[in-house]
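**Q** output the structure for:
(2 chains)
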Amino acid sequence: MSITARSSLRSVAVQVGGALRRHRIRAVLTGGACASLHSGGAYSSVDMDFILLGDVAQAALDAAMRSVGFRRKGDRYVHAHVRFYVEFPRGPLAIGGDYRIRPVEHGRRPRALVLSPTDSCRDRLAAFYHWNDRQSLTVAVSIALRNRVNMGAIRHWSIAEGAERQFEEFLADLKIARGKRSARETR
Amino acid sequence: MVIKTRSSPFGGVGRTRVLLALRMLSESYPRELARVLGMPFSSVLQALRSLEMDGLVAGRALGRTRVFKIDPRYFAYDELQRLLLQLTESEGELKTRVSALRRRPRRTAKPL
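**A** Below you'll find the model as predicted:
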């Protein structure tokens, strides 16, 4: 399956992740694109941030990306047929002060390494906690609504980030969202 | 060859000084940083871009200005803040320049 103008973010992300894997490059999809995957598109992103795990030669990365039609332009990779672009921000892979992140596999064939729903939720919450970005709060709620997330871990981390009050706000919004979903389902 | 008179533990004098200024100001924009640091605007932009790539600073749009601060999501944020605080101790001149900046609010159209 190749990338075409009609390819979705999910499809492109998985194909890029798969290509990196084939070239023995370990990279994890993070940020908005990952949140988009876990939130079922509640948030749309055009940039895909992959964090490289370990050193990679530029030539090897170029070759992997070329295999799925991306070419390097400045510090990002662009594709002739899709508006999505790929960047490789410098690591380490961390969410706030927590750098013991365990990525999960997403997709069947190919498969990409991505943040788990819990970590993606925390990633969005970090933007809400530290930048008061309410769009990120909405996305975090969407992720928690559609996936099983480890709420105890999120609470623990939130307290460590000094954001207990904002975490309570997240819980309140999640409760409202769950209520609305239940109401829709019983109709 | 110019002899370096300042320590630059963050990869370059420009990067280090921008970080120190951001530590003191909490957040700032490139023109203000250039003024406070006495650095060329382009050098400040270059330092900010490189620090942003490293995830040490983050910028957001405020109207037509991009405002930067040390990224609170950086994994070693607390440690970085502590180190910068220590480093600012020897930056008397920079402290004076920062102290001269008026940052408190001023009612619109109130004469100086």
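**Q** name the helices or strands packed onto the lowest-mean-pLDDT helix or strand in chain B?
**A** Least confident element among the helices and strands of chain B, by mean pLDDT, DSSP states H and E: helix B:92-99 (a mean of 87). Here helix B:92-99 touches helix B:13-25, helix B:30-37, going by 3 or more C-beta pairs under 8 Å, 6 or more residues apart in numbering or on different chains; DSSP states H and E. No exception for glycine: its C-beta is placed from N, CA and C like everyone else's.
**Q** hmm, the longest one touching chain A?
**A** No. Looking at helix B:13-25 against chain A by C-beta under 8 Å from any C-beta of the partner chain, there are no contacts, and the closest approach is 13.6 Å.
**Q** and the next helix or strand past that helix?
**A** strand B:27-28 (DSSP states H and E).
**Q** quick one: residues contacting B:A61.
**A** For B:A61, the contacting residues are B:V67, by C-beta atoms under 8 Å, 6 or more residues apart in numbering or on different chains.
**Q** helix B:30-37 and the strand or helix carrying it, what's the angle between them?
**A** B:A61 belongs to strand B:57-62 when assigned by DSSP H and E. Here the directions of strand B:57-62 and helix B:30-37 differ by 130 degrees (axes from the mean of the first three to the mean of the last three C-alpha atoms, to 10 degrees).
**Q** just the angle between strand B:57-62 and helix B:13-25, please?
**A** Using the same axes, to 10 degrees: strand B:57-62 against helix B:13-25 is 60 degrees.
**Q** how close does the nearest residue to B:P30 once chain neighbours are set aside get to B:D54?
**A** Spatial nearest neighbour of B:P30, chain neighbours left out: B:V44 (5.0 Å); criterion: C-beta to C-beta, 6 or more residues apart in numbering or on different chains. Per C-beta to C-beta, to the nearest Å, B:V44 is found 16 Å from B:D54.
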